[in-house]
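J.: Predicted model, plus sequence, below.
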Amino acid sequence: MATLDTATGMLSWVNRGHHPPVLIRGGRWTTTLECSPGHPMGTDLGLADTVCSEQLEPGDRIVLYTDGITEARRAGGPEFGLARFTDFLIRHHADGLPVPETLRRLTHVILSYHNGQLQDDATVLICEWLGPTAGSSPSAAALSGLPEPD
């Protein structure tokens, strides 16, 4: 779960057990945004949530994804992996492709890697913060997502 203040570029999130978000900066540099995991949603275990935050820079892309993306594997083959995933995202960002086109191409690569059939949830959300704008309208963030399969 995450929120992005489109006026300031402040990203806040809570980790509920998924892999950490990937930050792409300058079209060439990546890191994962670590945050201590909280209790699973809906369990109300009385545990305090750790809300983490990161100040984004104009042009930063944040990528949230499920394990079905990086742990995808062909029969008898290696996982798609975090390195291949982030390399794909960096190359397409550096090429100047917009978020929706990067996501479209990623969808085709993931499906191809799975031989056209997903075996696990495969959800990706890419958010690019464009920076503060006059009036700081919500259009300062571009969001695209790949929904989970049925």
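T.: That came in fine, so what should we check first?
J.: so where's this structure shaky on pLDDT?
T.: Within the chain, the stretches with pLDDT under 70 are 38-42, 44-48, 134-150.
J.: show me where the chain has strands.
T.: For the chain, the strands defined by DSSP state E cover 2-5, 10-13, 22-25, 29-32, 52-55, 61-65, 124-129, 141-146.
J.: Alpha carbons only: can I get the fourth one in PDB?
T.: As requested, C-alpha coordinates have been extracted for strand 29-32 and formatted as PDB (Å, rounded to 0.1, in the frame of the first residue of the first chain):
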ATOM      1  CA  TRP A  29      20.200   3.900 -11.500                       C
ATOM      2  CA  THR A  30      18.100   1.500  -9.400                       C
ATOM      3  CA  THR A  31      17.700   0.600  -5.800                       C
ATOM      4  CA  THR A  32      15.100  -1.300  -3.800                       C
END
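J.: which one of the strands of the chain lies closest to residue 112?
T.: Smallest distance to residue 112 across these (Cβ to Cβ): 14.2 Å, for strand 141-146. C-beta here means a position set from N, CA and C on the backbone, and glycine is covered the same way.
J.: Name all residues that make contact with residue 21.
T.: Contacts for residue 21 (Cβ atoms under 8 Å, 6 or more residues apart in numbering) come out as 2, 11, 13, 32-33, 62-64.
J.: Without its sequence neighbours, what residue ends up closest to it?
T.: Computed as Cβ to Cβ, 6 or more residues apart in numbering, the closest residue to residue 21 that is not its neighbour in sequence is residue 33, at 4.6 Å.
J.: Based on its surroundings, how many neighbours for that neighbour?
T.: 18 (other Cβ atoms under 10 Å).
J.: is it true that it touches residue 52?
T.: Yes. Between residue 33 and residue 52 there is a contact under Cβ atoms under 8 Å: 6.9 Å.
J.: So for the two, which residues contact both of them?
T.: With Cβ under 8 Å, 6+ apart as the test, residue 33 and residue 52 both reach residue 13.
J.: Now render the contacts of residue 21 as CSV, adding distance to residue 131.
T.: Below are these laid out as CSV (distance: Cβ to Cβ, whole Å):
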residue, distance to residue 131
2, 18
11, 13
13, 20
32, 23
33, 19
62, 14
63, 18
64, 20
